[in-house]
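>>> missing the sequence, but the structure's below:
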């Protein structure tokens with residue numbers, strides 16, 4: 001007997017992998033979490049192969065697939081946190097030596113059950129045939145002492161073999177590919193099932209509350225905190241303004257000096273996370289009076305997490321918790337930050353007036369207006385990269401910024417930027433992680449978008465390689481719409497100041513780009529365009545050259561265009 005028998009008819013391969021996860025829950029929990037994640041990966045790839053609504057992202061790995069906007073839009077709202085839970089616990093199992101308990105593997109399996117139930121009731125030929133499925137813990141085998149759990153290294157090898165096997169199967173499928181007409185007909189049939197099944201009421205209990213609680217613990221664990229460690233969970237405070245004046249903070253994250261770095265208000269909230277904002281503030285007030293240091297404030301319902309540094313910024317949504325050293329850095333900056341407006345700009349890096357104006361404008365927005373995003377529109381050849389380097393040096397000298405992520409869509413641009421950093425800011429030790437993978441200590445990290453997307457879910461040692469608070473500033477080279485559409489998970493994940501660069505004239509920058517930087521259309525933070533650069537004598541007017549293009553000679557066939565190009 002298995003909790004996944006309902007998959008056997010239509011998804012036999014998926015049923016086998018899920019059964020493997022189920023069989024190992026108590027005997028080999030780390031192995032179980034690996035197979036749970038593997039089952040999720042198989043299910044997600046099946047969806048992309050069969051649901052015409054989903055658009056394939058830039059890569060075929062699990063992280064890219066689940067963060068594609070159409071994938072998230074297609075789900076029941078409660079399912080995405082479950083998918084993240086499975087992915088994260090699977091990553092911990094494969095990439096770290098942190099203990100994985102039977103309770104971890106059991107929770108991951110339950111989440112898989114809910115996800116696969118939704119898959120079956122949505123895409124089976126008849127949702128009624130799937131029936132009302134309930135997770136039965138009695139179907140999970142008891143611990144077998146003869147079964148040895150695999151370690152992270154062994155599971156990493158299994159994962160590599162699975163990826164290689166997927167590639168072989170994809171190649172085999174390509175050789176035996178059906179005609180376009182057959183594929184289209186099959187997808188149309190799937191859509192019919194999906195539409196018909198959606199008319200059947202879904203009264204399945206997806207256990208949202210359990211997901212919320214576990215997901216909070218998982219996020220804490222990812223960032224190096226023990227959610228059930230000494231003095232972390234349910235810490236008592238005095239001085240509350242009502243009742244007996246006593247209270248219990250859900251979690252307190254402590255520094256090495258014994259002072260509170262952050263409070264987390266979590267378990268009392270089941271709906272809007274912001275309902276816990278005032279309660280969290282009162283706990284912070286109490287701890288400040290008790291310990292002499294005001295902690296940062298997190299409040300979360302498990303699905304949404306908010307960070308509130310109430311001495312500097314209003315609350316903002318984040319994708320997880322900061323590591324200990326990152327929280328300590330934020331606390332230290334309360335007294336170490338210097339004024340940007342009066343700090344000198346390094347004229348050895350930039351000497352032109354508009355470069356100085358651009359730096360001052362960004363600094364003014366960050367410091368005086370308390371904004372966290374800025375967009376520079378500067379014509380090609382006017383020194384965007386050098387302007388950014390001078391700005392970074394200024395922010396680092398003023399203790400606003402320690403680590404910077406520089407993103408570009410081509411390796412050639414990373415090489416060019418890396419050389420400029422080495423020339424003008426050599427002490428920063430810039431590292432291009434598309435070439436040097438393991439260095440995360442550098443103050444300047446350069447990366448393409450796909451590489452960083454893949455790096456977000458990687459672990460180094462027992463912690464995530466990059467936590468949400470790893471970078472203080474992200475620079476987007478050539479910011480444009482497609483960057484946000486394809487890779488917005490990067491900007492949603494990292495809690496950092498954001499600076500976009502583009503040579504596109506401000507009137508031609510698309511609305512989505514302005515929205516990304518929370519600016520009015522046509523009003524960037526600073527602009528210095530071609531006409532002004534020519535007038536100032538820094539650039540010469542462009543000269544037109546006639547170059548015959550292939551589409552002018554041969555025309556364009558609509559059927560040969562990609563789906564995105566057809567929509568343009």
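The structure has been received and is ready for your questions. Owing to the predicted nature of the structure, the values given are computational and were not obtained by experimental measurement.
>>> could you find the closest non-adjacent residue to residue 336?
Leaving out its chain neighbours, the residue that sits closest to residue 336 by C-beta to C-beta, 6 or more residues apart in numbering is residue 399, at 4.5 Å. Glycine gets a C-beta too; all of them are placed from N, C-alpha and C.
>>> for residue 305, same thing?
Distances taken as C-beta to C-beta, 6+ apart place residue 318 nearest to residue 305, at 5.5 Å, with adjacent residues excluded.
>>> right, and residue 213 touches residue 302 too?
Yes - the pair residue 213 / residue 302 is scored as a contact, 6.3 Å apart, by C-beta atoms under 8 Å.
>>> and these two? Which one has more around it.
residue 302 (24 against 17; other C-beta atoms under 10 Å).
>>> quick one: contacts for that one?
Counting by C-beta atoms under 8 Å, 6 or more residues apart in numbering, residue 302 touches 81, 211, 212, 213, 214, 215, 216, 266.
>>> and for residue 261?
253, 254, 255, 295, 296, 324, 327, 328, 331.
>>> inside strands: which ones of those?
253, 254, 296 (DSSP state E).
>>> just the buried subset of those, written out for PyMOL, thanks.
Buried residues within those, by 16 or more other C-beta atoms under 10 Å, are selected in PyMOL with:
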select buried, resi 253+254+296
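>>> wait, which of the ones in strands among the contacts of residue 261 is closest to residue 506?
residue 296 (36.2 Å; C-beta to C-beta).
>>> beta partners for that closest one?
Here residue 296 sits in beta bridges with residue 262, as judged by DSSP bridges.
>>> thought it was touching residue 309?
Yes - using C-beta under 8 Å, residue 296 makes contact with residue 309 at a distance of 5.4 Å.
>>> any residues in contact with both of these two?
residue 330.
>>> spell out the residue ranges of the strands in the stretch 51-200 of the chain.
In the stretch 51-200 of the chain, no strands are defined using DSSP state E, counting those that start in this stretch.
>>> might you list the low-confidence residue ranges for it?
171-181 (pLDDT under 70).
>>> so which residues of it form helices?
62-67, 69-74, 79-95, 102-123, 127-130, 152-175, 180-198 (DSSP state H, counting those that start in this stretch).
>>> burial measure for residue 468, as a count.
Residue 468, neighbours per other C-beta under 10 Å, totals 24.
>>> surely it meets residue 494?
Yes - if you go by C-beta under 8 Å, residue 468 and residue 494 touch, sitting 5.9 Å apart.
>>> now the contacts of residue 261 in JSON lines, with pLDDT and distance to residue 418?
As requested, those are exported to JSON lines (pLDDT from 0 to 100; distance: C-beta to C-beta, whole Å):
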{"residue": "253", "pLDDT": "95", "distance to residue 418": "35"}
{"residue": "254", "pLDDT": "94", "distance to residue 418": "38"}
{"residue": "255", "pLDDT": "94", "distance to residue 418": "35"}
{"residue": "295", "pLDDT": "97", "distance to residue 418": "38"}
{"residue": "296", "pLDDT": "97", "distance to residue 418": "33"}
{"residue": "324", "pLDDT": "94", "distance to residue 418": "30"}
{"residue": "327", "pLDDT": "96", "distance to residue 418": "30"}
{"residue": "328", "pLDDT": "97", "distance to residue 418": "29"}
{"residue": "331", "pLDDT": "97", "distance to residue 418": "32"}
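>>> thinking again about what came up before, need the overlap of contacts for residue 468 and residue 494.
residue 319.
>>> show the pLDDT at residue 436.
Listed pLDDT for residue 436 reads 80.
>>> now swap in residue 270 and tell me
In this model, residue 270 is scored at 61, pLDDT.
>>> thinking again about what came up before, mind checking how far the residue nearest to residue 336 is from residue 338?
Using C-beta to C-beta, to the nearest Å, one obtains 6 Å as the distance from residue 399 to residue 338.
>>> for residue 359, same thing?
Going from residue 359 to residue 338 by C-beta to C-beta gives 15 Å.
>>> okay, the two: which has more neighbours?
Neighbours were counted for residue 359 and for residue 338 using other C-beta under 10 Å; residue 359 has more, 26 against 13.
>>> OK, contacts around the closest residue in space to the more buried one that isn't next to it in sequence?
Excluding the flanking residues, the one nearest residue 359 by C-beta to C-beta, 6+ apart is residue 391, at 4.8 Å. When contacts are counted by C-beta under 8 Å, 6+ apart, residue 391 touches 358, 359, 362, 363, 499.
>>> now those residues in a markdown table, with secondary structure?
Below are the contacts of residue 391 laid out as a markdown table (DSSP: H, G, I helix; E, B strand; the rest coil):
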| residue | secondary structure |
| --- | --- |
| 358 | helix |
| 359 | helix |
| 362 | helix |
| 363 | helix |
| 499 | strand |
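>>> closest to residue 110 among the residues you listed?
Sorting the contacts of residue 391 by how near they are to residue 110, with C-beta to C-beta, puts residue 499 at the top with 42.1 Å.
>>> hmm, that closest one is touching residue 472, no?
No - applying C-beta under 8 Å, one finds residue 499 not in contact with residue 472, separated by 11.2 Å.
>>> for residue 371, give its distance to residue 393.
Distance of residue 371 to residue 393, given as C-beta to C-beta: 20 Å.
>>> again, but for residue 358
Remark: distance between residue 358 and residue 393 (C-beta to C-beta) = 14 Å.
>>> do the same with residue 20
For residue 20 relative to residue 393 (C-beta to C-beta), the value is 53 Å.
>>> higher neighbour count, the two?
residue 393 (22 against 16).
>>> next, count neighbours for residue 189.
So residue 189, with other C-beta under 10 Å, has 12 neighbours.
>>> swap that for residue 5, please
Neighbour number of residue 5 under other C-beta under 10 Å is 13.
>>> wait, doesn't it sit right on residue 15?
Yes - counting by C-beta under 8 Å, residue 15 is a contact partner of residue 5 at 7.5 Å.
>>> and the closest residue to residue 372 other than its chain neighbours, bridged to which residues?
Closest residue to residue 372 apart from its sequence neighbours, by C-beta to C-beta, 6+ apart: residue 497 at 5.3 Å. Bridge pairing for residue 497 (DSSP bridges) gives the partners residue 473.
>>> how about the helices of the stretch 51-200 of the chain, which one is nearest residue 523?
Among the helices of the stretch 51-200 of the chain, the nearest to residue 523 by C-beta to C-beta is helix 69-74 (26.2 Å).
>>> mind listing what residue 29 touches?
Counted by C-beta under 8 Å, 6+ apart, residue 29 has contacts 100, 101, 102, 104, 105, 149.
>>> equivalent analysis for residue 474, please.
By C-beta under 8 Å, 6+ apart, residue 474 lies in contact with 404, 405, 407, 490, 491, 494, 496, 497, 498, 499.
>>> now residue 293
259, 260, 287, 331.
>>> and these, which are buried?
The buried subset of the contacts of residue 293 - by 16+ other C-beta under 10 Å - is 260, 287, 331.
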